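# The sequence isn't on hand, but the structure is:
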């Protein structure tokens with residue numbers, strides 16, 4: 001089971017994400033770091049566990065205010081684990097940094113009016129990662145994207161925005177449904193609501209190959225020993 005720590009960037013600093021209410025995100029405060037600098041937060045995660053992958057969400061890019069390109073490179077260079085998964089509002093799978101893999105958000109595809117591109121498979125090549133974004137019962141993406149899972153790449157994230165940072169538990173039913181749609185050739189990753197290691201185990205049983213986590217790591221609810229057991 002792969003555990004992927006998350007850094008959300010807004011205004012050039014790492015922020016605490018809560019329920020997808022981006023306008024009210026505030027600079028992160030965590031015992032893992034004495035700074036909201038994204039590089040410092042990345043190093044704080046590495047002090048807990050040698051995570052192989054980091055998820056970096058550039059909220060300015062996602063919301064169309066301009067991407068923090070200089071921060072992406074700094075974080076990727078500092079990340080000792082391996083890959084950095086980057087969601088910055090782009091629908092191009094290629095990135096400038098060799099250790100960075102692009103996350104293509106369904107929310108972004110909807111805003112770009114990319115339905116036809118989705119159905120042709122153009123923006124979703126094998127090196128990209130697809131994030132299926134949900135707010136409550138609403139899917140934030142082209143409806144065709146859920147109707148044609150054959151265009152999905154090999155890694156798919158189930159992003160339940162309303163549960164992010166809320167410690168209410170993950171959306172197990174939705175993750176299980178997407179895992180069934182994805183089939184055995186794709187890996188499904190859950191995001192939102194993870195409180196402790198038992199939630200991670202429940203997501204594994206629901207068909208997830210991994211989980212994106214931030215709040216539970218900063219709060220110390222998931223500790224090094226937990227990670228060694230389930231991700232080691």
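Received the coordinates, thanks. In this text, all values refer to a predicted model and were calculated from it rather than measured experimentally.

# got the residue ranges for the strands in the chain?
Shown for the chain, the strands assigned by DSSP state E span residues 2-10, 13-16, 26-27, 53-58, 83-87, 100-105, 129-135, 138-139, 155-160, 187-191, 210-213.

# If you count contacts, what does the second one end up packed against?
In this case it means strand 13-16. If contacts are counted by 3 or more Cβ pairs under 8 Å, 6 or more residues apart in numbering; DSSP states H and E, strand 13-16 sits against strand 2-10, strand 26-27, helix 38-46. Where C-beta positions appear, they are placed from N, C-alpha and C, glycine not excepted.

# which residues touch the last one?
Okay, so that is helix 38-46. 5, 7, 9, 13-14, 28, 30, 32-35, 51, 54, 56, 71, 74-75, 78-81, 217 (Cβ atoms under 8 Å, 6 or more residues apart in numbering).

# picking up where we left off before, can you flag the weakest of the helices and strands packed on strand 13-16 by average pLDDT?
Among those, strand 26-27 has the lowest mean pLDDT, at a mean of 80.

# centre of the chain versus that one, how much separation?
The chain centroid and the centroid of strand 26-27 are separated by 18 Å under Cα atoms, centre = their mean, to the nearest Å.

# partners of it in the sheet?
strand 13-16 (antiparallel) (DSSP bridges).

# Return the set of buried residues in the partner strand.
13-16 (16 or more other Cβ atoms under 10 Å).

# try stretch 54-74
Neighbour count says stretch 54-74 has 54-62, 67-68, 71-72 buried, by 16+ other Cβ under 10 Å.

# Now do the closest residue to residue 204 other than its chain neighbours: how many residues are near it, please.
Leaving aside its sequence neighbours, residue 204 sits nearest to residue 1 (Cβ to Cβ, 6 or more residues apart in numbering; 4.9 Å). Counted by other Cβ atoms under 10 Å, the residues lying close to residue 1 total 16.

# hmm, back to that, as CSV, the strands of the chain with distance to residue 223 would be great.
Below are the strands of the chain laid out as CSV (distance: least, Cβ to Cβ, whole Å):
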stretch, distance to residue 223
strand 2-10, 12
strand 13-16, 19
strand 26-27, 24
strand 53-58, 19
strand 83-87, 23
strand 100-105, 27
strand 129-135, 27
strand 138-139, 34
strand 155-160, 24
strand 187-191, 20
strand 210-213, 12
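
# what sits against residue 231?
Contacts of residue 231 by Cβ under 8 Å, 6+ apart are 1-3, 49, 51.

# do residue 136 as well
residue 162.

# Per-residue pLDDT of it, please?
81.

# still on that earlier bit, and the buried residues of stretch 54-74, which is closest to residue 186?
Closest approach between the buried residues of stretch 54-74 and residue 186, by Cβ to Cβ: residue 55, at 17.5 Å.

# Help me confirm that that closest one comes into contact with residue 211.
No - between residue 55 and residue 211 no contact is recorded; they are 10.4 Å apart, counting by Cβ atoms under 8 Å.

# worst-scoring helix or strand of the chain, pLDDT-wise?
Here the helix or strand of the chain ranked lowest by mean pLDDT, DSSP states H and E is helix 115-120, holding a mean of 58.

# quick revisit: JSON lines for the helices and strands packed on strand 13-16, including distance to residue 142 and mean neighbour count?
Formatted as JSON lines, those follow (distance: least, Cβ to Cβ, whole Å; neighbours: other Cβ atoms under 10 Å):
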{"stretch": "strand 2-10", "distance to residue 142": "24", "mean neighbour count": "23"}
{"stretch": "strand 26-27", "distance to residue 142": "32", "mean neighbour count": "12"}
{"stretch": "helix 38-46", "distance to residue 142": "30", "mean neighbour count": "21"}
